[in-house]
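Visitor: Dropping a prediction and its sequence here:
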Amino acid sequence: QVQLVESGGGLVQAGGSLRLSCAASGRTFSSYAMGWFRQAPGKEREFVAAISWSGGSTYYADSVKGRFTISRDNAKNTVYLQMNSLKPEDTAVYYCAADTTGWGKGANEYDYWGQGTQVTVSS
């Protein structure tokens, strides 16, 4: 079992930055990949970024590449999403998720999910 708790969401102006955190507990954190997804009102949940168990490999959606950075600190059991140059279209509930069997960009590949944190970007 893995428990995930996100934090760091909020309201920010376009062009601003936010850093999301996701604290994990339960199964050994360094043994599984992590991902960030988001869901805007009326839209399907979409992949944002993923990071391998070691942190050595990362993958991003084209819409956030060059603006967002995913990282992890296995000593602190935490994964981060640094979001820069935010746009109104980044407004969504952001979820972290754990993939205990591999890593990818499909939501159905992830076994455990946090409760989400709201990010709102004003124009």
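Guide: Received it, and whenever you're ready, just let me know what you need. Numbering: from 1, shown residues only.
Visitor: contacts and neighbour counts: CA atoms only from here.
Guide: Noted.
Visitor: Quick check: residue 111 vs residue 17, distance?
Guide: In this view, residue 111 and residue 17 are 29 Å apart by CA to CA, to the nearest Å.
Visitor: before we move on, what about residue 115?
Guide: 21 Å.
Visitor: For the spatially most central residue of the chain, which non-adjacent residue is spatially closest?
Guide: The centre of the chain sits closest to residue 36, judged by CA atoms, centre = their mean, with a distance of 2.3 Å. The shortest distance from residue 36 to any non-neighbouring residue, by CA to CA, 6 or more residues apart in numbering, is to residue 96 (4.5 Å).
Visitor: Can you name the next helix or strand after the helix or strand that neighbour falls within?
Guide: Secondary structure from DSSP states H and E places residue 96 in strand 92-99. Moving toward the C-terminus from strand 92-99, the next helix or strand (DSSP H and E) is strand 112-113.
Visitor: any idea of the mean pLDDT in that next one?
Guide: Averaged across strand 112-113, pLDDT comes to 96.
Visitor: what do you get for stretch 45-63?
Guide: According to the model, stretch 45-63 has a mean pLDDT of 96.
Visitor: what's next to that stretch, contact-wise?
Guide: Contacts with stretch 45-63, where a contact means CA atoms under 8 Å, 6 or more residues apart in numbering, come from 29-39, 64, 69-72, 74, 103-107.
Visitor: Stretch 11-26 now?
Guide: With CA under 8 Å, 6+ apart, stretch 11-26 has contacts from 1-10, 76-88, 96, 114, 119-123.
Visitor: Go ahead and produce PDB holding the CA coordinates of that stretch.
Guide: In PDB, the C-alpha atoms belonging to stretch 11-26 read as follows (Å, rounded to 0.1, in the frame of the first residue of the first chain):
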ATOM      1  CA  LEU A  11      -3.800  30.900  -7.000                       C
ATOM      2  CA  VAL A  12      -1.100  32.500  -9.100                       C
ATOM      3  CA  GLN A  13      -1.000  35.000 -11.900                       C
ATOM      4  CA  ALA A  14       0.000  34.000 -15.400                       C
ATOM      5  CA  GLY A  15       3.700  33.900 -15.800                       C
ATOM      6  CA  GLY A  16       4.200  32.900 -12.200                       C
ATOM      7  CA  SER A  17       5.500  29.800 -10.500                       C
ATOM      8  CA  LEU A  18       4.400  27.200  -8.000                       C
ATOM      9  CA  ARG A  19       6.000  24.100  -6.600                       C
ATOM     10  CA  LEU A  20       3.800  21.100  -5.800                       C
ATOM     11  CA  SER A  21       4.900  18.400  -3.400                       C
ATOM     12  CA  CYS A  22       3.700  14.900  -2.900                       C
ATOM     13  CA  ALA A  23       4.600  13.100   0.300                       C
ATOM     14  CA  ALA A  24       4.500   9.300   0.200                       C
ATOM     15  CA  SER A  25       4.200   6.700   2.900                       C
ATOM     16  CA  GLY A  26       3.800   3.000   3.100                       C
END
